[in-house]
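*Asks:* need the 3D shape of this:
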Amino acid sequence: MPAMKILIIEDDREAAAYLVKAFREAGHLADHAGDGLEGYGLASDGAYDVLIVDRMLPKLDGLSLIGGLREQKIDTPVLILSALGQVDDRVKGLRAGGDDYLAKPYAFSELLARVEVLARRRGQASGEPTLYRVGDLELDRLGHKLTRAGKEIVLQPREFRLLEYLMKHAGQVVTRTMLLENVWDYHFDPQTNVIDVHVSRLRAKIDKGHDAPLLQTIRGAGYMIRDGAR
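*Replies:* Numbering: from 1, shown residues only. Below is the predicted model of the structure:
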């Protein structure tokens, strides 16, 4: 599964910290909002792949939050995570605009699987390509598989997300700021060398042993991946 950008709206900070850590260890980006108003503000730009929303939130309850997003035409998939697990509770959550409902306590493996299904459905419904090709390099987003000239290449989750973003913008210059905001979700410290390190590792994996390198550094601008880059 490609890396996802997830927002966890949960007032129990210990529970939220556990989820953030677990999702990041699974190779995904995860942010946390501690109340309904903060969560609504972060979710309003539609930048997340999936929202995980607790029903009983301070300042703005979970169902009102979801209803407000739907009124604003924000279609980000929502998984409601709540201690209220009766049938009537689940029905209310789904009718409010939730896409799935999981009662506490839960197993993280099940939560992860449900979130992946929601993200996959959204990608299919939006018509976003599931396969990217640049020359003989092929990235399968849904299968989380990369090949070059038919030979499979194993990437770490962050490397996969980095390459996915570059291939999505193939033939275009991608700046360091764009990568920090969309692959690492950092909005600060543009001088960090984390990008250089990952690009170097990625280049070694996809270009080593091939006559035509695909991943190119554009001095003073950023990076570009294109067929036949020199």
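
*Asks:* going forward, measure contacts and count neighbours with C-alpha atoms only.
*Replies:* Noted.

*Asks:* can you spell out which helices and strands pack onto the helix or strand containing residue 196?
*Replies:* Residue 196 is part of helix 194-206, with elements assigned from DSSP states H and E. Helix 194-206 is packed against helix 157-168, with contacts defined by 3 or more CA pairs under 8 Å, 6 or more residues apart in numbering; DSSP states H and E.

*Asks:* other SSEs contacting the helix it packs on?
*Replies:* Against helix 157-168 (3+ CA pairs under 8 Å, 6+ apart) you get strand 131-134, helix 194-206, strand 222-225.

*Asks:* rank those by pLDDT, which is bottom?
*Replies:* Of all the helices and strands packed on helix 157-168, mean pLDDT reaches its minimum on strand 131-134 (a mean of 88).

*Asks:* name every strand pairing with that strand and say which way it goes.
*Replies:* Here strand 131-134 is paired, per DSSP bridges, with strand 137-140 (antiparallel).

*Asks:* and the next element down the chain from the strand it pairs with?
*Replies:* Immediately after strand 137-140, counting by DSSP H and E, sits strand 145-148.

*Asks:* that next one pairs with which strands?
*Replies:* Strand 145-148 is paired, per DSSP bridges, with strand 137-140 (antiparallel), strand 151-153 (antiparallel).

*Asks:* residue 215 contacts residue 223, correct?
*Replies:* Yes: with contact defined as CA atoms under 8 Å, residue 215 counts as touching residue 223 (7.3 Å).

*Asks:* thinking again about what came up before, dump the strands paired with strand 145-148 to CSV, plus distance to residue 16 and mean pLDDT.
*Replies:* CSV is the format used below for those (distance: least, CA to CA, whole Å; pLDDT from 0 to 100):
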stretch, distance to residue 16, mean pLDDT
strand 137-140, 31, 90
strand 151-153, 34, 92
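
*Asks:* with residue 165 as the reference, name the closest of those strands.
*Replies:* Among the strands paired with strand 145-148, the nearest to residue 165 by CA to CA is strand 137-140 (10.9 Å).

*Asks:* contacts for that closest one, please.
*Replies:* Applying CA atoms under 8 Å, 6 or more residues apart in numbering, the contact partners of strand 137-140 are 130-133, 145-149, 164, 206.

*Asks:* wait, what's in contact with residue 28?
*Replies:* Contacts of residue 28 by CA under 8 Å, 6+ apart are 3-6, 157.
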